[in-house]
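K.L.:
Provide a 3D model corresponding to the input given below.
(2 chains)
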Amino acid sequence: MIIMNKGKILLGLVISLIAIGIIISASLLNKSHLDISAENAQIVISSNKLFEDFQNDETEANTKYLEQIIQVKGTIVDINIDKNKGVIALTSDDELGNVLCHLDSTETHKISLLHKGQSINIKGVCTGFLMDVILVKSVIIN
Amino acid sequence: MKPIITIILCLLFSSMSYAQEKYLTKNGHTSFFSSSPIEDIEADNNQVLSIIDTKTGKIAISILMKSFMFEKALMQEHFNENYVESDKYPKATFKGEILDFVTLENTSEVIIKGNLTIHGVTKSLETKAKIKKTEDHIFLEGSFPVKVADFNIEIPSVVVNNIAKTIKVSFNFDHKPYTK
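P.N.:
A predicted model of the protein is given here:
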């Protein structure tokens, strides 16, 4: 009897371990994307300084800013809608480049309230530097 | 007298065309598609920079690897960390030429020839594309296959059946005159 019970307990243990394993791996595989609006910014910076850092030393700026949630403060120089997604350009001290904030699709409706010359805080994920510093999945703070 | 006027007119027109020599987009779209028996994987990038020099037909494209957005967060993580190592190689680039650009019809099929760099590896590439030229737009659209192994991208054996050996890269750019 005792041996039978031990076997049953062991079997139960193994089954529940496998079940837990499946649940954990399934949740890992379907891990959701970061919800930017719910996360706190890791770096708070002005758009001028962010652009300057990339222009001075792109490699160093990459290690510092890539994939970080960055809150930028700057003045709006341009507002565009491209394929139903808003893109807001913020000032830099260089006339050739800006900080381009690609808005999250849920945020785009807010751009009708914005105008050029306005000062704004935007939070987004930095993906790098081309002619401009690029932020994606951006949300408007104020 | 006449030759002088002709020369002046020529100079005038050449300087006019010179003013709109570069067409550019900062919101170009590039996607790639991998199809395997186990799953299809697709990623989109809407922040591609592409510049065309209309005088020569030269084209330069820059792509941020971290700007590729995947359906699943884990796919994106693996792509950046394990496959293309985007911390080490943050950009993919293409430098080349749209053949016979200057003499092209407004809407036609063109051949683009140049060098594609991904993951630090440069390969020559020749592909067909559709082009549409208007006064204030140059549309360019097309796709080409990329062999993952050509660019020294290693796919771990565990997921070797999930990822196609050849992926399809599509692009869609709407260039506008560069005014700055």
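
K.L.:
average pLDDT across the lengthiest strand in chain A?
P.N.:
Across chain A, the longest stretch assigned as strand under DSSP state E is strand A:69-82. Computed over strand A:69-82, the mean pLDDT rounds to 93.

K.L.:
strand partners of it, parallel vs antiparallel please.
P.N.:
Looking at strand A:69-82 with DSSP bridges, its partner strands are strand A:43-46 (parallel), strand A:85-90 (antiparallel), strand A:119-129 (antiparallel).

K.L.:
Just grab the bridge partners of the residue nearest in space to the middle of chain A for me.
P.N.:
Closest residue to the average C-alpha location of chain A: residue A:125 at 3.3 Å, with Cα atoms, centre = their mean. Applying DSSP bridges to residue A:125 gives these bridge partners: residue A:69, residue A:136.

K.L.:
got the contact list for it?
P.N.:
With contact taken as Cβ atoms under 8 Å, 6 or more residues apart in numbering or on different chains, residue A:125 is in contact with A:34, A:36, A:67-70, A:135-138. Every residue, glycine included, has its C-beta placed from N, CA and C.

K.L.:
quick one: which of these is nearest to residue B:31?
P.N.:
residue A:136 (14.8 Å; Cβ to Cβ).

K.L.:
Flag every residue of chain B that's near chain A.
P.N.:
Listed as neighbours of chain A in chain B under the rule Cβ under 8 Å from any Cβ of the partner chain: B:26-27, B:29, B:46-47, B:49, B:62, B:64, B:66-67, B:69, B:72-74, B:76, B:80, B:86-87, B:90-91, B:180.

K.L.:
Would you mind checking those residues for buried ones?
P.N.:
Buried by 16 or more other Cβ atoms under 10 Å in any protein chain shown: B:26-27, B:29, B:46-47, B:49, B:62, B:64, B:66-67, B:69, B:73, B:76, B:80, B:86, B:90-91, out of the residues of chain B next to chain A.

K.L.:
Pass me the low-pLDDT residue ranges in the chain, would you?
P.N.:
No chain specified, so I'll use chain A. Confidence mapping of chain A against pLDDT under 70 gives the ranges A:1-4.

K.L.:
other chain: chain B
P.N.:
Using pLDDT under 70, chain B drops low at B:1-20, B:180.

K.L.:
Tell me how many other residues surround residue B:169.
P.N.:
19 (other Cβ atoms under 10 Å in any protein chain shown).

K.L.:
Shouldn't residue B:82 be within a helix?
P.N.:
Yes. Secondary structure of residue B:82 (DSSP: H, G, I helix; E, B strand; the rest coil): part of a helix.

K.L.:
which residues does it contact?
P.N.:
Counted by Cβ under 8 Å, 6+ apart, residue B:82 has contacts residue B:156.

K.L.:
how far away is it from residue B:160?
P.N.:
From residue B:82 across to residue B:160, the span is 13 Å (Cβ to Cβ, to the nearest Å).

K.L.:
For chain A, what lies in contact range of chain B?
P.N.:
So chain A meets chain B at A:28-34, A:62-63, A:66-67, A:80, A:82-83, A:85, A:87, A:95-96, A:100, A:102, A:127-128, A:130-132, A:134, A:136 (Cβ under 8 Å from any Cβ).

K.L.:
And those, which of them are buried?
P.N.:
Taking 16+ other Cβ under 10 Å as the criterion, what is buried in these is A:62, A:66-67, A:82, A:85, A:87, A:100, A:102, A:127-128, A:130-132, A:134, A:136.

K.L.:
Without its sequence neighbours, what residue ends up closest to residue 121?
P.N.:
Unless you meant another one, I'm taking chain A. residue A:141 (4.1 Å; Cβ to Cβ, 6 or more residues apart in numbering or on different chains).

K.L.:
Oops, wrong one, chain B.
P.N.:
Per Cβ to Cβ, 6+ apart, closest to residue B:121 is residue B:151, 4.5 Å.
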